[in-house]
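Colleague: Kindly return the folded structure for what I paste below:
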Amino acid sequence: MPRDYDPSEIPSVYNLQDIAPYRDEPGFEQVLFRGIDQMVGFSKISPEKPDSEPHTHPYEQLNMLVEGRLDFLVNGERVELEPYDTLVIPPEVPHTSRAVEGETATLVAFWPLREDRLEATTYQAEFPAL
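Modeller: Numbering: from 1, shown residues only. From the prediction side, this is the model:
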């Protein structure tokens with residue numbers, strides 16, 4: 001797992017609204033930010049996002065809704081999040097989400113460092129080239 005960083009670039013501050021999305025799909029935009037051992041996904045989810053089948057992954061995911069409302073399906077149970085609601089999804093638990101009532105939702109998700117998404121963080125000067 002890549003853990004090296006350039007101490008001369010610390011502290012580094014990025015406004016995630018200024019970063020080009022790593023994922024830019026109908027109804028879904030996502031920017032990623034990494035630390036040494038952690039990763040954050042900053043996602044905008046709008047009603048135009050097509051419903052998707054639940055998926056799983058081998059790591060825990062913590063979520064905090066910042067604005068809007070979001071309908072989550074977690075392990076077959078529906079829960080609606082409102083701003084500042086937080087939700088934990090343990091490893092291997094099926095889940096998916098969608099915006100509700102015509103609102104765009106802003107979700108922040110926290111994961112362990114994901115090597116499969118490191119290419120989305122090449123804008124961060126504190127980490128050496130991958």
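Colleague: For P58, which non-adjacent residue is spatially closest?
Modeller: With sequence-adjacent residues excluded and distances taken as C-beta to C-beta, 6 or more residues apart in numbering, P58 is closest to P91, at 5.4 Å. No exception for glycine: its C-beta is placed from N, CA and C like everyone else's.
Colleague: typo on my end, R114
Modeller: M39 (5.3 Å).
Colleague: Sticking with T96, tell me its helix or strand.
Modeller: strand 95-99 (DSSP states H and E).
Colleague: which residues sit against that strand?
Modeller: Applying C-beta atoms under 8 Å, 6 or more residues apart in numbering, the contact partners of strand 95-99 are 27, 45-47, 49, 51-56, 61, 68-75, 89, 105, 107.
Colleague: Flag the shaky bits of this structure, pLDDT-wise.
Modeller: 1-2, 130 (pLDDT under 70).
Colleague: tell me, what residue is most central in it?
Modeller: Centroid-nearest residue in the chain: G41, 2.3 Å away (criterion: C-alpha atoms, centre = their mean).
Colleague: residues in contact with that residue?
Modeller: Counted by C-beta under 8 Å, 6+ apart, G41 has contacts Q30, V31, L32, L107, V108, A109, F110, W111.
Colleague: rerun that using 6 Å as the cut-off
Modeller: Q30, L32, A109 (C-beta atoms under 6 Å, 6 or more residues apart in numbering).
Colleague: Then T86?
Modeller: Contacts of T86 (C-beta under 6 Å, 6+ apart): M64.
Colleague: partners of it in the sheet?
Modeller: M64 (DSSP bridges).
Colleague: Now do it against Q61, distance only.
Modeller: T86 is 11 Å from Q61, where distance means C-beta to C-beta, to the nearest Å.
Colleague: and what of A99?
Modeller: Per C-beta to C-beta, A99 is found 18 Å from Q61.
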